[in-house]
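Undergrad: okay, predicted coordinates and the sequence, questions at the end:
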Amino acid sequence: MHGRERLRTTWAGWAAVVLLPWAAVHAADPSPPRRNVLFVICDDLCCALGSYGDATARTPNIDALAARGVKFDRAYCQFPLCNPSRASMLTGRRPRTTTVRDNARHFREADLDTVTLPQVFRRSGWRVERIGKLFHYGVPVQIGTDGMDDPPSWDAVFNPKGRDVADEGAIFSLVPGKFGGTVSWLAADGTDAEQTDGIGAARAVERLEAFARDGTPFFLAVGFYRPHTPYVSPKPWFDRHPLDGVRLPDLPADHDAGVPPPALRGRKHEEARLAGDLGREAIQAYRASVSFVDAQAGIVFDALARVGLDDDTVVVFTSDHGYHLGEHGLWQKMSLFEESARVPLVIAVPGGRTGVAAAHTVELIDLAPTLCDLCGLEVPVGFEGRSLAPLLVGAAEAFPARPAFTEVAGSTRGATVRSGRWRYTLWDGGVAGRQLYDHDTDPRELENLVDRPEHAGTVRQLDAMLRERFGDDLKSPAPRRPG
């Protein structure tokens, strides 16, 4: 089947005004493009990047990628926790389908025959390799292992392990001896190359050089570990973020009055210590880790250009979810506020649009069909996202708006929709609370408008969206009875 015919099948039901600009751009293309893919993902990275307007960020390499591609300003994960988000993104399926809503369950427990994004490329003749963390495994305890990897997805894997693991005894932690889920950090001795992410970057360079020599089409997935806790990077990166320039987010004294309690359940008692200077040190360490990992990503991007593959390779840069650095009195992830649900997403396509900031609301599950379309592959049945290819190659003016959905699970289930200027959230189907924020006037989500009469129509519309998307999954599971 011809590549454009495949796209029409994939996008069935779209208005013709969407299809025609895409077809016009590629009408003279005699065969589907056989592009490579370089897929780079960071762990726990929020939009603390220069290209996203963060004036204190030092991220020149990611910013340069944004300048030669499309930066999505409204990209959202489907679940703000590592395993559920990565399983969803790499299978192109929502958590309701994968059944993964914690860090313990593997998506193949629900469906052994699930076809992942890298599997599509592997079955189509691409050389598909993983370096570092793509599917979930615990940081830092499982660094250097396969963790919860998915062997059918890859032709080869490489698990870097650097001195950051050996230096664990020197790491400061709010709870001594605990790192992965606890705010912790270290200004490390030694060089970038000794760190786990430095080793991963060096391996990626080796593989790109090999691909350039043999001409094999490839899908290379590079998963960096930082800035996930512990925030570890060599000391010079801390110097790039002087402590006297670090500020904690302002929190209004009456902040909690308008917020349903489940929305703040992520607060940990030890994080109360981060309200002052210790919190500024934590933010400094996080930002240092972001700058460090930006440098490692830059090594990989530079190698792609140096070996002459950048004109044939789609480059994706993203994170598994966002991250709190004191906003709403929260740290880390697992909230349904903007900081936790929103992710950085940059895609650069050879011959595509450059230097574009896309305001369209998109989801991480859109990556799977997008990469298939860009590389001329049939989009498998079961992918639940939509291809973003029109936004990347020039048909953006006709691309229809669509909301983004994010959920969390636990003792109280929550779900949120981001649509246009609005964020609307339900806790236990609304029984445990509701939230409505207007991003045109309140981008920090500090004023809950859900009970204002003038917004009743907006609430009804957004409420219907959530109920149509999640159905019974909006309700929290009944507590288990003893025995």
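TA: Looks like it came in fine.

Undergrad: what about this protein, any weak spots by pLDDT?
TA: For the chain, the stretches with pLDDT under 70 are 1-33, 478-483.

Undergrad: can you map out the helices along it?
TA: Counting by DSSP state H, one finds helices in the chain at the ranges 3-10, 16-26, 60-67, 82-91, 95-98, 117-123, 163-166, 196-214, 235-239, 277-306, 338-341, 367-374, 389-393, 456-470.

Undergrad: and of the ones you listed, who's closest to Ala104?
TA: helix 82-91 (7.5 Å; CB to CB). Any C-beta I mention is one placed from the backbone N, CA and C, and that applies to glycine too.

Undergrad: angle of that closest one against helix 367-374?
TA: Orientation of helix 82-91 against helix 367-374 (axes from the mean of the first three to the mean of the last three CA atoms, to 10 degrees) gives an angle of 20 degrees.

Undergrad: helix 82-91 packs against which elements?
TA: Contact here means 3 or more CB pairs under 8 Å, 6 or more residues apart in numbering; DSSP states H and E; on that basis helix 82-91 packs against helix 95-98, helix 117-123, helix 367-374.

Undergrad: could you break the chain into its assigned domains?
TA: When the chain is parsed with automatic domain parsing, its domains come out as 36-400, 410-474.

Undergrad: dump these to JSON lines, plus mean neighbour count.
TA: Shown next, in JSON lines, are the domains of the chain (neighbours: other CB atoms under 10 Å):
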{"stretch": "domain 36-400", "mean neighbour count": "20"}
{"stretch": "domain 410-474", "mean neighbour count": "17"}
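
Undergrad: need the longest strand for the protein.
TA: strand 218-227 (DSSP state E).

Undergrad: picking up where we left off before, redo the helices of the chain as CSV? Include distance to Gly245.
TA: CSV is the format used below for the helices of the chain (distance: least, CB to CB, whole Å):
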stretch, distance to Gly245
helix 3-10, 47
helix 16-26, 45
helix 60-67, 18
helix 82-91, 30
helix 95-98, 38
helix 117-123, 40
helix 163-166, 25
helix 196-214, 24
helix 235-239, 12
helix 277-306, 9
helix 338-341, 20
helix 367-374, 34
helix 389-393, 35
helix 456-470, 38
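
Undergrad: for His439, find the nearest of those helices.
TA: Nearest to His439, of the helices of the chain and by CB to CB, is helix 338-341 at 7.7 Å.

Undergrad: for that closest one, name the packing helices and strands.
TA: strand 324-325, strand 414-419.

Undergrad: stretch 220-240: end-to-end distance?
TA: This stretch, stretch 220-240, spans 30 Å end to end (CA to CA, to the nearest Å).

Undergrad: cool, and stretch 126-137?
TA: Termini of stretch 126-137 sit 25 Å apart (CA to CA).

Undergrad: same deal with stretch 257-270?
TA: Terminal-residue distance, stretch 257-270 (CA to CA): 22 Å.

Undergrad: who's in contact with that stretch?
TA: Residues from elsewhere that reach stretch 257-270 (CB atoms under 8 Å, 6 or more residues apart in numbering): 174-175, 182-183, 256, 324, 328-337, 410-412, 414, 425, 427-428, 432-435, 447-448.

Undergrad: go on, stretch 427-435?
TA: With CB under 8 Å, 6+ apart, stretch 427-435 has contacts from 259-263, 336, 412-414, 416, 423-426, 445, 448, 450, 459, 463, 474-476.

Undergrad: again, 6 Å this time
TA: Residues outside stretch 427-435 that contact it (CB atoms under 6 Å, 6 or more residues apart in numbering) are Pro260, Pro262, Thr412, Gly414, Thr425, Leu426, Asn448, Val450, Leu474, Lys475, Ser476.

Undergrad: any chance of these in TSV, plus distance to Gly132?
TA: What follows is the contacts of stretch 427-435, written out as TSV (distance: CB to CB, whole Å):
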residue	distance to Gly132
Pro260	37
Pro262	34
Thr412	34
Gly414	30
Thr425	33
Leu426	36
Asn448	39
Val450	41
Leu474	35
Lys475	37
Ser476	35
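
Undergrad: most widely separated two among those?
TA: Longest span within these, CB to CB: Asn448 and Lys475, 21.5 Å.

Undergrad: distance of Phe218 relative to Pro344?
TA: 24 Å (CB to CB, to the nearest Å).

Undergrad: repeat for Asp167
TA: From Asp167 across to Pro344, the span is 28 Å (CB to CB).

Undergrad: and Val157, by the same measure?
TA: Counting by CB to CB, the gap from Val157 to Pro344 is 25 Å.

Undergrad: same thing with Gly200?
TA: 19 Å.

Undergrad: so who does Val175 touch?
TA: Counting by CB under 6 Å, 6+ apart, Val175 touches Thr182, Glu270.

Undergrad: Asn83 too?
TA: Val100, Asn103, His136.

Undergrad: Thr116 versus the residue nearest to the first one when sequence neighbours are not counted, what's the distance?
TA: Distances taken as CB to CB, 6 or more residues apart in numbering put Ala87 closest to Val100, at 4.3 Å, once the chain neighbours are dropped. Look at Ala87 and Thr116: by CB to CB, they are 9 Å apart.

Undergrad: over to Gly276?
TA: Gly276 is 45 Å from Thr116, by CB to CB.

Undergrad: same deal with Gly382?
TA: 10 Å.

Undergrad: go on, Thr59?
TA: 29 Å.

Undergrad: and Ala55, by the same measure?
TA: Counting by CB to CB - Ala55 and Thr116 are separated by 38 Å.

Undergrad: chain center to stretch 434-453: distance?
TA: Chain-centre distance of stretch 434-453: 24 Å, with CA atoms, centre = their mean, to the nearest Å.

Undergrad: gap between the two ends of it?
TA: End to end - CA to CA - stretch 434-453 spans 14 Å.

Undergrad: same check on stretch 230-246?
TA: 19 Å.

Undergrad: ok, stretch 224-236 next?
TA: So stretch 224-236: terminal residues 19 Å apart, CA to CA.

Undergrad: centre of the chain to it, how far?
TA: The answer for stretch 224-236 is 17 Å, by CA atoms, centre = their mean.

Undergrad: could you number the chain from 749 rather than 1 from now on?
TA: OK, 749 is where the count begins now, so the last one is stretch 972-984.

Undergrad: list of residues touching it?
TA: Contacts for stretch 972-984 (CB under 6 Å, 6+ apart): 790-793, 881, 887, 912, 919, 927, 932-936, 940, 944-945, 1033-1034, 1036-1038, 1040-1041.

Undergrad: mind redoing it with 7 Å?
TA: With CB atoms under 7 Å, 6 or more residues apart in numbering as the contact definition, stretch 972-984 has outside contacts at 790-793, 880-881, 887-888, 891, 912, 919, 921, 927-928, 930-936, 938-940, 944-945, 948, 1033-1034, 1036-1038, 1040-1041, 1044-1045.
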